[in-house]
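Visitor: Predicted structure and sequence below. I'll ask about it afterward.
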Amino acid sequence: MKRLFFLIVLLCASSAGAAEINYAGKADCRVAEHARVAGQAAYWSGACKEGYASGPGALQWSKDGKATERYEGTLSEGQPQGEGIAQWADGSLHQGSYRNGMLEGPGLIVFADKAKMTATFERDAPAGAVTVIARNGDRYEGGWQNGPEGSGSMTFALGGVYRGAWHEGNPLGDGEILYPNGQVLKARFNGSFQLTQQPEASATPRLYDIKQKDAYIGSNIAPVVSSGHAVPPEKSYAELTLEQQMLVKRRYPLLQDDDVPAYPEKGLSFVSRAMRHMISYAGITGVLRANVSVNENGVPQSVVVLESPDSEAGKLAASVFMLAKYSPGRCAGHPCAMVVPFSFSLEFKQ
């Protein structure tokens, strides 16, 4: 079964039963070596005391001449001690108070995918409840063991909350879904938020284009305005096939079979054509991602621009999203406020 939450494995800097510490660096200024940097070269910018790197400074590790891991903070006898921040080779940042080279106490980890975890750490591993905010805005609070474990809640950026039991990153056991309209669905979950078996997505889904209404002079072929749509962009949600509706609903983990997401009233074509004009007339290129909050009547209330080529592009896009008309969502048989996500890659094509 597909994992519903990316599991984050935290590697400890050393083990509880370690008999000795291996050192690297200069003989008169040694630094403690841990498993992630075993055999690598160490460069320390700070002072040395009694044969060890000590005091404030920066410790850079490298392999074959390429920088890997870096620590900025205080060392004591060659090990991180006190406040500091480490950047691992995988791009993640680990900030907090260190003891014997490991995070101990309140700390923050910013992962390579921009997810953030705040927790109390014991020997580099989170202990007790954590808070994890994913790049897309989903927020988890609760028990943790290389992923959500035990009791916890997940608040989804696109709407709704799951509260209940977790195991290995999946909802497993008694829990409840709180819809944005206040409706509550209590159930026993079996590794998925969906209470019925869902069909597998096509391995090679068809992609759809939007073409200009008229061909250029001297040609019978209308040029493509926008490409790469997962569903027919000119169709409303009700006009999509069941399989296409499932593609749209997959962005909303909590929606059940009879639930309906909010969706542009006449499909994606209005917004996509507007994005094309931003490229043609304003010369805007780059990635644009935004979430549009739509009330239970289908009226857009606000726009949160998550990523934009620049601030002006974000403002232009937000005005387009607010002008668009939407069909309202339905949760547990009732009208439901919801968030509609948009993601575009704006680029010139010859």
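Guide: All right, it came through fine. Bear in mind the structure is a predicted one, so any value in this text is a computation, not a measurement. Residues are numbered from 1 along each chain as shown.
Visitor: residue ranges with poor pLDDT in the protein?
Guide: The model of the chain has pLDDT under 70 over residues 1-19, 201-203, 212-224, 280-281, 348-350.
Visitor: can you tell me the distance between the two ends of stretch 136-152?
Guide: Terminal residues of stretch 136-152 lie 19 Å apart, using C-alpha to C-alpha, to the nearest Å.
Visitor: Work out the gap between that stretch and the centre of the chain.
Guide: 13 Å (C-alpha atoms, centre = their mean, to the nearest Å).
Visitor: Name the residues of that stretch that are buried.
Guide: In terms of neighbour count (16 or more other C-beta atoms under 10 Å), stretch 136-152 has its buried residues at 136, 138, 140, 141, 142, 143, 144, 147, 148, 149, 151, 152. The way it works is simple: take the backbone N, C-alpha and C, and place the C-beta from them, glycine included.
Visitor: quick one: which of those is nearest to residue 83?
Guide: residue 144 (23.2 Å; C-beta to C-beta).
Visitor: In this structure the closest one contacts residue 129, no?
Guide: Yes. Under the criterion of C-beta atoms under 8 Å, residue 144 makes contact with residue 129 at 7.4 Å.
Visitor: intersection of neighbour lists for the two?
Guide: Jointly contacting residue 144 and residue 129 under the rule C-beta atoms under 8 Å, 6 or more residues apart in numbering are 119, 152.
Visitor: before we move on, back to that, among the buried residues of stretch 136-152, which two are most distant?
Guide: 136 and 151, at 23.1 Å, using C-beta to C-beta across the buried residues of stretch 136-152.
Visitor: Tell me the span between the first and last residue of stretch 238-254.
Guide: 20 Å.
Visitor: swap in stretch 173-187?
Guide: By C-alpha to C-alpha, one end of stretch 173-187 lies 8 Å from the other end.
Visitor: and of the buried residues of stretch 136-152, the nearest to residue 283?
Guide: Checking these against residue 283 by C-beta to C-beta gives residue 136 as the nearest, at 28.4 Å.
Visitor: hang on, isn't the closest one packed against residue 157?
Guide: Yes. If you go by C-beta under 8 Å, residue 136 and residue 157 touch, sitting 5.6 Å apart.
Visitor: What are the buried residues along the helix or strand encompassing residue 342?
Guide: Residue 342 belongs to strand 338-346 when assigned by DSSP states H and E. Buried residues in strand 338-346, counted by 16+ other C-beta under 10 Å: 338, 339, 340, 341, 342, 344, 346.
Visitor: can you check stretch 186-193 too?
Guide: 189, 191, 192, 193.
Visitor: starting at the chain centroid, how far to that stretch?
Guide: Worked out by C-alpha atoms, centre = their mean, stretch 186-193 lies 23 Å from the chain centre.
Visitor: again, but for stretch 111-126
Guide: 14 Å.
Visitor: could I have that stretch exported to CSV, CA atoms only?
Guide: The C-alpha coordinates for stretch 111-126 follow below in CSV (Å, rounded to 0.1, in the frame of the first residue of the first chain):
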residue,chain,number,x,y,z
PHE,A,111,14.4,18.5,5.5
ALA,A,112,15.7,18.7,1.9
ASP,A,113,12.1,18.7,0.6
LYS,A,114,11.5,21.8,2.9
ALA,A,115,9.3,19.9,5.4
LYS,A,116,10.0,21.1,8.9
MET,A,117,10.0,19.1,12.2
THR,A,118,10.0,20.6,15.7
ALA,A,119,10.5,18.2,18.5
THR,A,120,12.3,17.4,21.7
PHE,A,121,15.3,15.2,20.8
GLU,A,122,17.1,12.5,22.7
ARG,A,123,20.4,11.3,21.1
ASP,A,124,19.5,12.9,17.7
ALA,A,125,16.1,11.2,17.6
PRO,A,126,12.7,12.8,18.3
